[in-house]
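Chemist: Quick one, what's the 3D model for this:
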Amino acid sequence: MHVATSLNIILNYYILWSVKLTGFKLTLHGELRLNIVKRTRGNLFMVWMNVDKPTKKCTLHMNSSCNYLQEKRETEYKGIGNLKCDGGWLSFTDPKLAKLYHQINLPEYELIDHC
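Modeler: Sure thing, here's the model as predicted:
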């Protein structure tokens with residue numbers, strides 16, 4: 001996708017909130033999934049969000065040397081790239097997109113910037 005696409009997603013989010021604030025009832029179905037690739041000095045930059053459903057927390061990890069990132073793995077209850085019954089690890093290319101995902105899909109969860 002191009003940068004313009006990500007701007008459209010953000011603009012659409014603003015418009016949806018504007019509609020909600022004017023008193024119209026709005027129901028969203030599904031989840032916002034963003035797969036926008038951003039390169040920083042030739043290297044792929046990734047932001048990982050650990051979604052933990054039992055504790056209702058979303059934790060952002062941006063440092064590739066973080067121990068939690070090094071040890072992340074798919075389990076029966078937590079996925080990588082998808083959410084299972086206890087949560088999972090979701091990847092984003094920009095912290096703003098991860099925070100936007102959190103606001104739209106998991107607003108009742110606490111958001112933590114870990115590294």
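
Chemist: What's the per-residue pLDDT of residue 50 here?
Modeler: For residue 50, the pLDDT comes out at 96.

Chemist: what's the helix or strand for it?
Modeler: In the assignment (DSSP states H and E), residue 50 maps to strand 47-52.

Chemist: So what are the sheet partners of that strand and their directions?
Modeler: Here strand 47-52 is paired, per DSSP bridges, with strand 57-61 (antiparallel), strand 87-92 (antiparallel).

Chemist: where along this protein do the strands fall?
Modeler: 39-40, 43-44, 47-52, 57-61, 78-80, 87-92, 110-113 (DSSP state E).

Chemist: Out of those strands, which is closest to residue 72?
Modeler: Set against residue 72 and scored by C-beta to C-beta, the strands of the chain come closest in strand 87-92, at 5.1 Å. Using the backbone N, CA and C atoms, a C-beta is placed for each residue, glycine as well.

Chemist: What mean pLDDT does the closest one get?
Modeler: Across strand 87-92, pLDDT averages out at 94.

Chemist: Report the buried residues of that strand.
Modeler: Residues of strand 87-92 classed as buried by neighbour count (16 or more other C-beta atoms under 10 Å): 87-90, 92.

Chemist: returning to what we had before: make a markdown table from the strands of the chain and add distance to residue 68 to it.
Modeler: As requested, the strands of the chain are exported to a markdown table (distance: least, C-beta to C-beta, whole Å):
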| stretch | distance to residue 68 |
| --- | --- |
| strand 39-40 | 21 |
| strand 43-44 | 19 |
| strand 47-52 | 7 |
| strand 57-61 | 6 |
| strand 78-80 | 12 |
| strand 87-92 | 9 |
| strand 110-113 | 11 |
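
Chemist: Which of those sits closest to residue 98?
Modeler: Proximity to residue 98, assessed across the strands of the chain by C-beta to C-beta, is greatest for strand 87-92 (4.2 Å).

Chemist: Just put the strands paired with strand 47-52 in TSV and tack on distance to residue 110.
Modeler: TSV is the format used below for these (distance: least, C-beta to C-beta, whole Å):
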stretch	distance to residue 110
strand 57-61	5
strand 87-92	13
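
Chemist: do you know which of those strands lies nearest residue 111?
Modeler: That would be strand 57-61 among the strands paired with strand 47-52, by C-beta to C-beta, at 5.1 Å.
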